[in-house]
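Colleague: The following block contains a protein sequence and its predicted model.
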Amino acid sequence: MESVDLSTGLVWVCTFLLSLLCLRTWVGRRRRPDKFPPSPPGLPFLGNLLSLSPREPHLQLTAWRRRYGDVFSLRMGPQDVVVVNGCAAVREALVMKGAHISDRPALFITDAFDCREEGVTLGKYGKKWKYLRRFGLSALRHFGVGKEKMQPIIRRECRVLVSCFKDQEGRPFEVSRFIQTAVCNVIASIVLGRRFEPDDPNFKEEIERVDRTFQLFLDAQPLNFYPALRHVPGFRGMLKEWEKIYHKSHQWFGKFVADHKETFDPTNIRDLIDMCLLEIEQKSGREMSVTEVTIPHITKELFDAGTETTATTLGWALLYLALNPDWQRKVQDELDAIVGSDEIPAYSRREELPYTEATILESLRIRTTVPLALPHSTSSPTSLQGYDIPAHTQVWVNLWSVHMDPAYWPHPDTFDPGRFLDGSGRVKVPEAFMPFSTGRRICLGEQLAKMELFLFLTSLLQQFTFKLPEGAPEPDLSGVMGATLLPGPYKIQAISRKK
């Protein structure tokens with residue numbers, strides 16, 4: 001009798017949940033305006049959720065663009081999502097309509113930990129976000145991002161990275177962890193006021209947490225559309241892992257905040273944490289200010305984003321240069337002729353090195369680090385390319401479609417830095433180039449990333465020629481999709497150019 005009651009109960013629960021889902025889906029469709037963007041056909045109740053590959057969503061969305069146009073919609077379970085593709089539509093959405101499409105959606109996996117309330121990257125659009133973004137930009141400028149005084153910190157990590165590569169003595173090795181450590185130490189110097197040795201166990205654990213966070217952000221997406229899935233074993237495990245990572249990271253950053261409080265000197269601002277503490281001290285009745293709750297959020301966001309994205313682009317750049325030795329030699333010949341190999345060139349000399357600069361730009365284009373940007377949301381009703389978009393609609397910006405559009409980039413799958421050079425050999429940047437996104441949510445660390453890419457790449461190409469091991473299988477250039485598009489594991493040889 002108990003088993004019958006249990007079975008009956010389960011049937012009633014499933015029936016109730018299914019009915020609720022049907023009701024939400026029906027209500028959602030009734031709310032759609034008449035001029036809502038078209039969408040691919042989907043399944044009852046699930047919509048297009050199962051049609052979108054979790055490993056290659058950017059490719060499927062770009063394929064749908066060819067059929068449904070630059071602006072179309074998806075039904076992700078009970079929610080509508082508008083997808084924006086192509087240069088013109090993306091600029092209209094993020095620049096011209098930026099006042100309406102600069103919010104972040106309410107995502108279950110981030111809202112559970114106040115990321116929209118206290119953060120910059122995932123913070124919801126409004127007065128507090130604008131204040132925190134201005135504060136973040138001010139802090140980066142204070143520590144010299146984009147200026148000469150930032151370069152010694154980056155050059156130090158360049159020399160350490162070159163030394164690590166030399167230690168491999170020309171043997172095949174995986175570059176990803178070496179690059180990630182070097183890049184991470186740059187942002188750690190700004191945020192935490194210190195650098196770490198690669199074998200520091202706590203540092204290694206935090207780097208692993210960063211990697212896993214970016215992967216979980218994609219894997220756990222169904223929870224954002226169906227929060228009830230948190231009770232299903234697989235998704236319940238992902239949510240618990242996300243929660244564990246979140247708390248461990250905040251504990252790690254919290255220790256640095258506690259140490260800074262004990263040694264804080266308002267006349268000697270060492271890093272971002274000190275700037276936050278100074279802002280709290282000087283609040284003096286201002287409407288907006290950093291709070292102690294904000295500090296772990298903003299430090300973690302800058303640490304994570306400043307590590308993963310630049311390291312990913314450098315990994316792609318070295319792989320493509322190894323696959324294109326003729327172009328690699330062009331960059332090396334340019335460096336030899338203009339700056340030599342004894343000193344890393346100043347960032348201010350990049351205009352003298354057009355082949356080098358074009359290589360960086362093409363690396364950013366051909367494998368867009370964040371192909372779908374971070375999800376946006378409408379804060380008020382708006383229109384886009386003639387379609388009406390209601391308030392609180394999630395918007396996905398397909399940057400991959402912009403950078404792989406043959407209308408702007410002939411043979412877009414071909415690595416060709418020359419596309420960024422004009423007839424006089426000077427660098428030209430087309431409007432359809434937005435690796436850091438655009439508009440009000442453009443990447444906070446854009447200037448830092450550009451400086452790091454230039455200094456790291458020049459320092460490596462001055463010292464080494466990169467090649468794939470003889471007989472190695474052709475590397476997979478499709479990438480591994482998480483929140484960022486990572487190169488698949490590959491080994492490379494760094495052959496010293498100095499005999």
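Modeller: Here it is on my side, so go on.

Colleague: Show the contacting residues for the spatially most central residue of the chain.
Modeller: When C-alpha atoms, centre = their mean is applied to the chain, the residue found nearest the centroid is Val370 (4.7 Å). Residues near Val370 by C-beta atoms under 8 Å, 6 or more residues apart in numbering: Thr309, Leu399, Ser437, Ala483, Thr484, Leu485. Every C-beta, even on glycine, is put in place using the N, C-alpha and C of the backbone.

Colleague: Flag the least confident of the residues you listed.
Modeller: Minimum pLDDT across the contacts of Val370 is recorded for Ala483, with 81.

Colleague: Next, that residue: phi, psi?
Modeller: When read as degrees, to the nearest 10, the backbone of Ala483 gives phi -70, psi -20.

Colleague: Count the residues that sit near it.
Modeller: Close neighbours of Ala483, defined as other C-beta atoms under 10 Å, add up to 21.

Colleague: Can you name the residues that contact it?
Modeller: The contact partners of Ala483, by C-beta under 8 Å, 6+ apart, come to Thr213, Phe214, Gln215, Phe217, Leu218, Glu308, Val370, Leu374.

Colleague: ok, back up a step: ranking the contacts of Val370 by neighbours, who comes first?
Modeller: Busiest of the contacts of Val370 [other C-beta under 10 Å] is Leu399, holding 26 neighbours.

Colleague: now it, nearest residue through space, not along the chain?
Modeller: For Leu399, ignoring the flanking residues on the chain, the nearest one in space by C-beta to C-beta, 6 or more residues apart in numbering is Thr368 at 5.1 Å.

Colleague: Go ahead and confirm that neighbour touches Ser401.
Modeller: No. Contact criterion C-beta atoms under 8 Å: Thr368 and Ser401 do not qualify, at 9.6 Å.

Colleague: shared neighbours of those two, anything?
Modeller: Shared contacts of Thr368 and Ser401, defined by C-beta under 8 Å, 6+ apart, are found at His58.

Colleague: of the two, who's got more company?
Modeller: Per other C-beta under 10 Å, whichever of Thr368 and Ser401 has more neighbours is Ser401, with 28 against 25.

Colleague: For the more buried one, which non-adjacent residue is closest in space?
Modeller: Asn85 (4.0 Å).

Colleague: Roughly how far does that neighbour sit from Ile366?
Modeller: Per C-beta to C-beta, to the nearest Å, Asn85 is found 18 Å from Ile366.

Colleague: When the two are compared, which one has more neighbours?
Modeller: For Asn85 versus Ile366, the count of surrounding residues by other C-beta under 10 Å is larger for Asn85: 26 against 21.

Colleague: Hmm, Leu61 and that one touching each other?
Modeller: Yes. Using C-beta under 8 Å, Asn85 makes contact with Leu61 at a distance of 7.0 Å.

Colleague: which residues do those two both contact?
Modeller: The overlap between the contact sets of Asn85 and Leu61 (C-beta under 8 Å, 6+ apart) consists of Asn398, Ser401.

Colleague: Which helix or strand contains the residue nearest to the centre of the chain?
Modeller: Remark: Val370 resides in no helix or strand, with elements defined by DSSP states H and E.

Colleague: tell me the phi and psi of the residue nearest to Ser401?
Modeller: Backbone geometry at Asn85, expressed as degrees, to the nearest 10, gives phi -130, psi 160.

Colleague: which of the contacts of Ala483 lies closest to Leu50?
Modeller: Of all these, Leu50 sits closest to Leu218, with 15.5 Å by C-beta to C-beta.

Colleague: Now do that closest one: how many residues are near it, please.
Modeller: Neighbourhood size, Leu218 [other C-beta under 10 Å]: 15.

Colleague: show me the contacts for it.
Modeller: Residues near Leu218 by C-beta under 8 Å, 6+ apart: Pro54, Met481, Gly482, Ala483.

Colleague: Surely the third one touches Ala220?
Modeller: In other words, Gly482. No. The criterion here is C-beta under 8 Å, and Gly482 misses it with Ala220 at 11.0 Å.

Colleague: any shared contact partners between the two?
Modeller: Shared contacts of Gly482 and Ala220 (C-beta under 8 Å, 6+ apart): none.

Colleague: Surely Tyr490 and Leu318 touch.
Modeller: No. Taking contacts as C-beta under 8 Å, Tyr490 lies outside contact range of Leu318: 9.1 Å.

Colleague: So between the two, which is more surrounded?
Modeller: Leu318 (25 against 20).

Colleague: What segments of the stretch 51-200 of the chain are helices?
Modeller: For the stretch 51-200 of the chain, applying DSSP state H, counting those that start in this stretch gives helices covering 57-68, 87-91, 108-111, 115-118, 127-142, 151-166, 176-191.

Colleague: looking at these, which is buried most?
Modeller: Mean neighbour count (mean count of other C-beta atoms under 10 Å) peaks for helix 176-191 among those, with a mean of 23.

Colleague: Give me the distance from that one to the chain's centre.
Modeller: Distance of helix 176-191 from its chain centroid, counting by C-alpha atoms, centre = their mean, to the nearest Å, is 15 Å.

Colleague: which is the next helix or strand following that helix?
Modeller: Trace forward from helix 176-191 with DSSP H and E and the next one is helix 201-219.

Colleague: can you pull the buried residues of that following helix?
Modeller: Under the neighbour-count criterion of 16 or more other C-beta atoms under 10 Å, helix 201-219 has Phe203, Glu206, Ile207, Arg209, Val210, Asp211, Arg212, Thr213, Phe214, Leu216, Phe217, Asp219 buried.

Colleague: now stretch 424-442
Modeller: Neighbour-count burial for stretch 424-442, with 16+ other C-beta under 10 Å as criterion, is recorded at Val427, Ala432, Phe433, Met434, Pro435, Phe436, Ser437, Thr438, Gly439, Arg440, Arg441.

Colleague: what stretches of the stretch 51-200 of the chain score poorly on pLDDT?
Modeller: 112-116 (pLDDT under 70).

Colleague: Looking at the contacts of Val370, spot the one nearest Leu468.
Modeller: For those, the minimum distance to Leu468 (C-beta to C-beta) is 20.1 Å, reached by Leu485.

Colleague: which residues touch that closest one?
Modeller: With C-beta under 8 Å, 6+ apart, Leu485 has these contacts: His58, Thr312, Arg367, Thr368, Thr369, Val370, Pro371, Gly479.

Colleague: quick one: the fifth one from Phe108, how far?
Modeller: The reference is to Thr369. Thr369 sits 25 Å away from Phe108, going by C-beta to C-beta.

Colleague: My understanding was that Leu335 contacts Arg350; is that so?
Modeller: No. At 11.5 Å, Leu335 does not count as touching Arg350 under the criterion of C-beta under 8 Å.

Colleague: Could you name every residue contacting both of those two?
Modeller: Residues touching both Leu335 and Arg350 (C-beta under 8 Å, 6+ apart) are Thr356.

Colleague: quick one: which of those two has more around it?
Modeller: Taking other C-beta under 10 Å, Leu335 and Arg350 do not tie; Leu335 has more neighbours (21 against 18).

Colleague: How about the more buried one: what's its closest non-neighbour residue?
Modeller: Nearest non-adjacent residue to Leu335, counting by C-beta to C-beta, 6+ apart: Gln462, 5.5 Å away.

Colleague: Does Leu364 fall in a helix, a strand, or a coil region?
Modeller: helix (DSSP: H, G, I helix; E, B strand; the rest coil).

Colleague: Would you agree it is in contact with Pro435?
Modeller: Yes. At 4.0 Å, Leu364 counts as touching Pro435 under the criterion of C-beta under 8 Å.

Colleague: Sounds good, over and out.
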